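> No letters, just coordinates:
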């Protein structure tokens, strides 16, 4: 029996060249353009991903369009059968998917497992479609003897463009609901982290969806542009940065598509003087540094209110400095590397800017020593105090393990600060006061509010989206919003006899 | 026995450690139960092995189904070395039974300590941990009483 820390084995050293999944078949892309997929802990190459051409996107749209009529005519209780099979297959392959995810993204294994769980949650939600999709009927609704009903109908071909931070989960916010509603679908995984979704699509293939119902095309902006330009694509879901979200929303909407785009975030975490620090500091640390800060629900600005400031900062810095960096497959690692070199350089640039603009660097995560992984894209927890709202690190989305501390004199000032951000994705308050908590959830602009919870992540049956520059569109991802997004409603008024 | 016990640094590793403990204790009790020298304790040891097997399945489900990003957080204060089972068993039957009883005591301590963290992180597990603590305490007492 060994008492050493547990480094889990990799599923494979190299996953080869990724293939598209079109019309029920894995097909090699003919594109000459390709990228290497890098393990961010080691900088080792673990796969190659083709950057598919517009013609390959068109082939996927052809397949999805041809599959649509027969699929929409398939009764809802039968449409969910492949989803039930997929749920079983995902459970059977849960650990393998989580480990592949770690290898290409860098997050620690528990974070990967948690995100695979939420992937499965979304399949489970979609399995409820026969009930969820029911319409409304009102006997004599229009007049005596004239009944009125509202029914839901699928849109046609839909697509999702996924980000790099949650390679398994994010596409599943969209496509299981869309497909269960009778649409057909094209997933474009992030070109930085395509392997997890490719592994999952092996299970999609095994689950037995009719050919063309679910498709996957690897690629970059050329593939996205092709999806936007293609008139047969009726709806697009996107998650990523705000500038790209704005572009996709504006372009897609101008072309008559239904579009939902989730953008960036700069989430404020407010800590009231009556907060229970013993209980909640570890939760705050996870909010700021979990997933190495690369999530749209991560804390970014810590706002101690009143006289709790010094004690909170001391305890927060002490806890953050204890975090153990490492390869995500080492079960004892608490924080992995950043997902990609370009992003790593960008986060380092923000730290430099924070120093240059005069913030006080309490904890410097640059150049951490991570035993065994000298080449990884690691940045340790980094904390700035004496930050002012005008500083770059207080305003811009960093998407890394960098915290800006801005002290507030009272709750009003903290709420004003939270609402001064152009983003509005999430915000949390730690307090023992129901009054303060109620004021916070009532007044703070944001799609997701946490009360004594640092990562207010909506489960599959709740809508997920932000406000302000964090979301473009009206209907959010997941839950009943997803059903509304992926269906049209039609009212029928009928009289017989 | 190739079972790794991770450092307990997060709620996920706490559950991972619990799984390792259950697997290790189950294997130890099963091995001991097959020995002639342990014949007087055989029934108890076999029951012990079955109990740990069932608990391991339960913990695997907890880890799969209950950990998500809302409750993932770091924990501190639980030392990996405090709860480890014996690496191997002695030849003597009575000594073996006492070693396993001692290991059950440490398992009970593990769940008592784990319940404190569960109170803050994942309240739904507190009752399960308390039950496992009591079961291990009872198993230890039964082995000593035989």
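It's in. Quantities reported herein were computed from a predicted structural model and do not represent experimental measurements.
> What is the neighbour count of the closest residue to chain A within chain B?
Nearest to chain A, among the residues of chain B, is residue B:12, at 3.1 Å (Cβ to the nearest Cβ). Placement of C-beta: from N, CA and C, glycine included. The number of residues packed near residue B:12 is 25, by other Cβ atoms under 10 Å in any protein chain shown.
> any idea which element it lies in?
helix B:11-33 (DSSP states H and E).
> got it, and residue A:43?
Short version: residue A:43 belongs to no helix or strand, going by DSSP H and E.
> phi, psi of it?
When read as degrees, to the nearest 10, the backbone of residue A:43 gives phi 70, psi 10.
> again, but for residue A:424
phi -160, psi 50.
> if I pick it, what's in contact with it?
When contacts are counted by Cβ atoms under 8 Å, 6 or more residues apart in numbering or on different chains, residue A:424 touches A:445, A:446, A:447, A:466, A:467, A:468, A:469, A:470, A:471.
> Find the residue closest to the closest residue to chain B within the stretch 151-300 of chain A in space, skipping its chain neighbours.
Distances between the stretch 151-300 of chain A and chain B by Cβ to the nearest Cβ are smallest at residue A:286, namely 3.9 Å. Once flanking residues are discounted, residue A:286 sits nearest to residue B:73: 3.9 Å by Cβ to Cβ, 6 or more residues apart in numbering or on different chains.
> which bits of the stretch 351-497 of chain A sit near chain B?
When proximity is defined as Cβ under 8 Å from any Cβ of the partner chain, the stretch 351-497 of chain A approaches chain B at A:453, A:455, A:456, A:457, A:459.
> from these, which ones fall inside strands?
Counting by DSSP state E, none of the members of these fall within strands.
> Most neighbours among those, which one?
The residue in those with the most neighbours, by other Cβ under 10 Å, is residue A:455 (25 neighbours).
> so that one touches residue B:70, yeah?
Yes - at 5.7 Å, residue A:455 counts as touching residue B:70 under the criterion of Cβ atoms under 8 Å.
> Other residues contacting stretch B:27-41?
B:1, B:3, B:42, B:45-46, B:48-49, B:52, B:85-86, B:89, B:91-93, B:96-97, B:100, B:103, B:143, B:146.
> Just the terminal-to-terminal distance for that stretch.
One end of stretch B:27-41 sits 15 Å from the other (Cα to Cα, to the nearest Å).
> Report the buried residues of it.
Across stretch B:27-41, burial judged by 16 or more other Cβ atoms under 10 Å in any protein chain shown covers B:27, B:28, B:29, B:30, B:31, B:32, B:33, B:37, B:38, B:41.
> Can you pull out the low-pLDDT segments for chain B?
Within chain B, the stretches with pLDDT under 70 are B:1.
> Return the residues of it in contact with chain A.
Going by Cβ under 8 Å from any Cβ, the residues of chain B near chain A are B:1-7, B:9-13, B:16, B:24, B:63-65, B:67-70, B:72-76, B:80-81, B:84-85, B:87, B:120.
> Which ones among the residues you listed map onto strands?
Per DSSP E, the subset of these in strands is empty.
> From those, list just the buried residues.
B:3-7, B:9-13, B:16, B:24, B:63-64, B:67-70, B:72-75, B:80, B:84-85, B:120.
> so which strand or helix has the residue of the stretch 151-300 of chain A closest to chain B?
helix A:277-289.
> in that helix, what's buried?
A:277, A:280, A:281, A:282, A:283, A:284, A:285, A:286, A:287, A:288, A:289.
> other SSEs contacting that helix?
Counting contacts by 3 or more Cβ pairs under 8 Å, 6 or more residues apart in numbering or on different chains; DSSP states H and E, helix A:277-289 packs against strand A:267-271, strand A:299-304, helix A:309-321, strand A:426-430, helix B:93-121.
> would you list the ones you listed in JSON lines and tack on distance to residue A:76?
Output for the helices and strands packed on helix A:277-289, formatted as JSON lines (distance: least, Cβ to Cβ, whole Å):
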{"stretch": "strand A:267-271", "distance to residue A:76": "37"}
{"stretch": "strand A:299-304", "distance to residue A:76": "40"}
{"stretch": "helix A:309-321", "distance to residue A:76": "48"}
{"stretch": "strand A:426-430", "distance to residue A:76": "33"}
{"stretch": "helix B:93-121", "distance to residue A:76": "38"}
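> among the buried residues of helix A:277-289, which two are most distant?
A:277 and A:289 (16.9 Å; Cβ to Cβ).
> follow-up on the earlier one: what angle do the helix holding residue A:286 and helix B:93-121 make?
80 degrees (axes from the mean of the first three to the mean of the last three Cα atoms, to 10 degrees).
> Touching helix A:277-289 from outside, list them.
A:269, A:271, A:297-300, A:302, A:308, A:311-312, A:315-316, A:319-320, A:323, A:334-335, A:381, A:401, A:403, A:428, A:430, A:450, A:452-455, B:72-76, B:120.
> Pull the number of nearby residues for the nearest residue to residue A:304 once chain neighbours are set aside.
Once flanking residues are discounted, residue A:304 sits nearest to residue A:312: 4.7 Å by Cβ to Cβ, 6+ apart. If you count neighbours by other Cβ under 10 Å, residue A:312 ends up with 24.
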